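*Asks:* Okay, predicted coordinates and the sequence, questions at the end:
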Amino acid sequence: MEDILSKIRVLDFTKVLSGPYVTRTLADFGAEVIKVQSKKTEGTEPVFGGYFHTWNRNKRSISLDMSQPEGRNLGLRLVEICDVVIENFSPRVMSNWGMEYTTLNRINPGLIMLSMSGMGQTGPWKNHVAFGPTVQSLGGLTYLSSFNEETPIGPGYALADHIAGLYGAFAVLAALENRDRTGQGRYIDLSQYEVVSTMIGPALMDVLANDREPIPQGNQPDYEMAAPHGCYQCRGDDRWCVIGVFNETEWQALVNVMGNPAWTLEDRFSTLTGRKVHFKPLDEKIDLWTRSHDAERLVQLLQEKGIRAGVVQNAEDLANDPHLLDQNFFIPIEDPVLGKTISDRSPIRFIKDASKDPSSETQLKSSPGMGEANQYVYMDLVGLTQDEYTSYVQQGVIA
Amino acid sequence: MRTKKNILLAGLKVLDLTDEKGSFCSKLLADMGACVIKVERPGGNTSRKTGPFKGQEPHLEKSLSFFYNNTGKKGITLNIEHKEGRRIFFELVKKNDVIVESFSPGFLDQLGLGFESLSLINPKIILASVTGFGQTGPRRNHKTCNLVASAFGGQMSVTGSSKPLKHYGEQTYLTASLFAATGILLAVRKLRMTGKGEHLDISIQEAVASTLEHVMVRYFYDNIIPKRQGSLHWDNLFDIFPCQDGYIQITLFDKWETVVEWMGSEDMAGDLTKKDYLDEAYRIRHLDHISKTIKNWTQKHTVKELFELGQLMQFPWAPVASPQKVVESPQLKDRRFLKDICPERRDIAKKCPGVPYQFEPERYQSVVKAPLIGEDNLDFYEKELGLSTEKLEELSNRGII
């Protein structure tokens, strides 16, 4: 069967992660993604190594110097042959190139364009400079993801870039649904700051409804009744497990696994409410118990008794996780420069395709070299003659 | 003007059986204009027990997280564990395009409501299952919660200080829901090609493990097991410093000379003006000293001063904003990010966070609401299934609706 998005062609001006994650998601399901790169702006996105390779698999690459008028003309011709244009520049860049949606829509009425800047295309802060950590901080996620108010910590990586990327892919697919029904194109203005704000929705509701300031809760459940609910040290170097107990049955099961120690009979620990109030001494007691245990074995034992427990897995644990390996979550991709590399499968799985036979896996392609698809795109798709093409290359427009 | 033609997912009909693990998925679809029916068990979905609550006292119809995760949906009650309830459910399956569920793997099969059975009734049905570890594999029957998914998915190993830290909120559910919603729209396209529905299997652990940015990349390519390092970003690019009235997150290495010049103009640069510091490797070796000097400087300023001046100089700096500050943000106000709640649900709050995108030519969702328990029962069962008022009353008395 042909791929779900095989008839969809995407012109991709994005860099680094949030934008490339949109186009990687679309490419994973067969969209023809044409990544626009340029020797002149190489510094803004390093193209060697794992980071670029991971987030740009399955895409084609062309080179184009948009700072020249001839480059912008070629850019418009590319828009004519695409269904979707995606960019994550600051708001003025596309309009400075004469590539704002109103213009592009005239050339290609069914065109869908996604702009995903830090702050969105409008508003007093629209030109603010932002990376993943910037919007995580501005959107409240960093403040709340901390052990206390005095030492803000925040996520250990740019989660917001992935979430913005997923919102972007979802919005593009929704716009494509509508286009197929009505023929109408769309412009989508995605704000990464707002993306993060949607991630803390319940906390914002708390402010709006109760005029109350939510504060960081560490590993305590933010709004659920659960105790214990924490992270506990296990035997070995930097080994940890988590345990979450949501009701009396689970608590009794945990008490049993711990060997019915006397402290569990103390009055203050006898109800869920009591345990929640006294979570600090409770966590200390449990931590003393877990320290002498191996994380994997303890979690297995707790799970067998119906208790929600997990191992704090690091990168190495994930790469060797028997469950993920059983699901073929990591798959090899052959790269002409990097050799055999490993990538993660999309978590979007259609059950009929999720056969455990690796030969039935979707064949993922490596990330492209810069300008790798120039001849195909400019000659076969856009329709430049060999002479025109050569001339653009010599002028440094296709470069 | 919002016409039917303008509504992106007009005509897509979704049944939502989920608890907190998948509610956000069908909310995303509802926000785009799909018709989503939240099917709750009589008495209400368990996720109504999650706070915060309006007025802070637990109440099934005053959960703010339930409200937020279910805006734009209609609400009915139905006991699918009861035989008669299942019969009604089959009628609903015939009339809908998508079902989203988050029960433990095998639960729907036990009730005779697995994908195979549903496909017999409606071959075009799309079933999206959001579970802790997916429908197959050795860990499929493990119990999960947001904390367990944060641990098993790898998030906690790289967040925190000496001790691992989970992200605020239920980020693992939100991430899995975004994958599920995207997968549903892919399945809708696939259906047009094949004429057949699909069973989507979304594992929350995989959703977390595939959104770790640098973590697996550095492991597979550089043989590094990334560690926690407090507020210092993994690439050493950002760190958080105290100000007079809060905290600011700033870049330490980007445009170094400009930052030092700025500090110097206030006589606060200390020895950072030394030529040695122009070398990035040298700066990394002396990070503690640099941090101490910068901290002395930031403490003399307000967050607003550093944020505004920094952004003027094109630094990607930002206040470490509390939820209150997010609500008050002039940028979000200008873009009308907070939406009005419809008049009949103002008992909850006046406003609710909206969506992070705007479509042209129309703006979405000016007024929002989430359903009360079984709010649309009468209207829905009468209009959609043609059940009489007497029949409804009887089913209600028997605990089926």
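*Replies:* Received the coordinates, thanks.

*Asks:* Please give me every residue in contact with the residue most central in space within chain A.
*Replies:* Note on chain A: the residue nearest the mean C-alpha position is A:His162, at 1.8 Å, using Cα atoms, centre = their mean. Each residue near A:His162 by Cβ atoms under 8 Å, 6 or more residues apart in numbering or on different chains is listed here: A:Leu17, A:Ser18, A:Tyr21, B:Thr175, B:Thr211, B:Glu213. Using the backbone N, CA and C atoms, a C-beta is placed for each residue, glycine as well.

*Asks:* quick one: contacts for residue 397?
*Replies:* This is for chain A. Applying Cβ under 8 Å, 6+ apart, one finds that A:Val397 lies in contact with A:Leu64, A:Asp65, A:Gln68, A:Glu70, A:Gly71, A:Leu74.

*Asks:* Equivalent analysis for A:Lys40, please.
*Replies:* If a contact means Cβ under 8 Å, 6+ apart, then A:Lys40 has A:Asp65, A:Ser67, A:Ala399 as its contacts.

*Asks:* Filter these down to the buried ones.
*Replies:* Judged by neighbour count, with 16 or more other Cβ atoms under 10 Å in any protein chain shown as the criterion, the buried members of those are A:Asp65, A:Ala399.

*Asks:* Now tabulate the contacts of A:Lys40 in TSV and tack on distance to B:Ser396.
*Replies:* Shown next, in TSV, are the contacts of A:Lys40 (distance: Cβ to Cβ, whole Å):
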residue	distance to B:Ser396
A:Asp65	69
A:Ser67	69
A:Ala399	72
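
*Asks:* what's the closest of the contacts of A:Lys40 to chain B?
*Replies:* Relative to chain B, the closest of these is A:Ser67; by Cβ to the nearest Cβ it sits at 19.0 Å.

*Asks:* hmm, back to that, my read is the residue nearest to the centre of chain A is in a helix, agree?
*Replies:* Yes: counting by DSSP: H, G, I helix; E, B strand; the rest coil, A:His162 is located in a helix.

*Asks:* okay, it: pLDDT?
*Replies:* Model confidence at A:His162, given as pLDDT, is 98.

*Asks:* returning to what we had before: give me the subset of the contacts of A:His162 that lies in helices.
*Replies:* Restricting those to those inside helices, with DSSP state H as the criterion, leaves A:Ser18, A:Tyr21, B:Thr175.

*Asks:* Tell me the predicted confidence for the first one.
*Replies:* Put plainly, it is A:Ser18. At A:Ser18 the predicted local distance difference test score is 97.

*Asks:* what do you get for the last one?
*Replies:* Here the pLDDT value assigned to B:Thr175 is 98.

*Asks:* show me what contacts the nearest residue to it once chain neighbours are set aside?
*Replies:* What sits nearest to B:Thr175 in space, not counting adjacent residues and going by Cβ to Cβ, 6 or more residues apart in numbering or on different chains, is B:Ala207, at 4.5 Å. Shown here is B:Ala207, whose contacts under the criterion Cβ under 8 Å, 6+ apart are A:Pro347, B:Gly153, B:Thr172, B:Thr175, B:Ala176, B:Leu178, B:Phe179.

*Asks:* I'd like the C-alpha coordinates of stretch B:343-353 written as CSV, please.
*Replies:* The C-alpha atoms that make up stretch B:343-353 are tabulated as CSV, following Å, rounded to 0.1, in the frame of the first residue of the first chain:
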residue,chain,number,x,y,z
PRO,B,343,-22.5,32.0,30.8
GLU,B,344,-24.1,28.9,32.3
ARG,B,345,-20.7,27.6,33.5
ARG,B,346,-19.4,30.8,35.0
ASP,B,347,-19.8,29.1,38.4
ILE,B,348,-16.4,27.5,37.5
ALA,B,349,-14.5,30.5,36.3
LYS,B,350,-14.9,33.4,33.9
LYS,B,351,-12.0,32.3,31.6
CYS,B,352,-10.2,29.2,30.5
PRO,B,353,-6.9,28.7,28.5
